[in-house]
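Novice: Take a look and give me a structure for this.
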Amino acid sequence: MIQGNSKVIPSFKTAMKKGELGELYFREFLERRGWVAYTPASRNRPHFCDIFATRGKAEFALFDVKTKARLNYRPATGIDNRHYLEYLGFAKKYAIPFYLVFINDKDGAVHFSNILDLWRGGSGFFEKNGEIICWPLSSMRPLFTLSQEQIDRLSALDQRNYAYSPNKKESQ
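Specialist: Predicted coordinates:
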């Protein structure tokens, strides 16, 4: 992170490290459950999904992994709307399950959902003038929780310009 005039400018390199670490934790989770996980060889260029995985030569799925804390003001998280629309178009066109995976680097909660289920559920809402689409965590399935060591490693790469302090009255 570069600091100047009290404004924090996020480092792309740090963001990539954090994302890759979250992807590693998710890939290890998949592999412990019998999946064979593949990641793009060209990690330094934009790629369509973070992981594609197979299990028993009978199951196949794509995963996009987002490593970031949930929203402060409500139990929800989201992605760039343009990426969502690309993923949704792919999922509608092909019969390959496409999952969004959200790893909270602050409390270790990992949630996921098939992108078609999020689309059908109708619970999405927009932030930042429609640039970000978000969903309540209740519209996703909890998958697992990171260890404290994993949370600490991810949190060390945090670049938020504001404190993580979700409303304690809300439940996830």
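Novice: for the residue nearest in space to the middle of the chain, phi and psi?
Specialist: Most central in the chain under Cα atoms, centre = their mean is K66, positioned 1.9 Å from the mean C-alpha point. Phi and psi for K66, reported as degrees, to the nearest 10, are phi -110, psi 120.
Novice: any idea how far E23 is from it?
Specialist: 10 Å (Cβ to Cβ, to the nearest Å). (Glycine included, C-beta is placed from N, CA and C.)
Novice: And the helices in the protein?
Specialist: Assigned by DSSP state H, the helices in the chain fall at 12-32, 81-93, 115-121, 148-155.
Novice: out of those, which comes closest to R74?
Specialist: helix 115-121 (16.1 Å; Cβ to Cβ).
Novice: same for that closest one, what does it pack against?
Specialist: helix 81-93, strand 98-103 (3 or more Cβ pairs under 8 Å, 6 or more residues apart in numbering; DSSP states H and E).
Novice: Give the buried residues for the last one.
Specialist: When you say that, I think you mean strand 98-103. Neighbour-count burial for strand 98-103, counted by 16 or more other Cβ atoms under 10 Å, picks out F98, Y99, L100, V101, F102, I103.
Novice: Ok, the longest one next?
Specialist: Residues of helix 81-93 classed as buried: N81, H83, Y84, Y87, L88, A91 (neighbour count, 16+ other Cβ under 10 Å).
Novice: Would you tell me which of the helices and strands packed on helix 115-121 gets closest to T54?
Specialist: Nearest to T54, of the helices and strands packed on helix 115-121 and by Cβ to Cβ, is strand 98-103 at 13.8 Å.
Novice: Quick one: distance of the closest one to the chain centre.
Specialist: Chain-centre distance of strand 98-103: 5 Å, with Cα atoms, centre = their mean, to the nearest Å.
Novice: tell me the angle of that strand relative to helix 148-155?
Specialist: For strand 98-103 against helix 148-155, the angle by axes from the mean of the first three to the mean of the last three Cα atoms, to 10 degrees is 100 degrees.
Novice: returning to that earlier point: for the helices and strands packed on helix 115-121, give me JSON lines that also has mean pLDDT and distance to S138.
Specialist: JSON lines is the format used below for the helices and strands packed on helix 115-121 (pLDDT from 0 to 100; distance: least, Cβ to Cβ, whole Å):
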{"stretch": "helix 81-93", "mean pLDDT": "95", "distance to S138": "18"}
{"stretch": "strand 98-103", "mean pLDDT": "98", "distance to S138": "13"}
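Novice: Alright, calling it a day.
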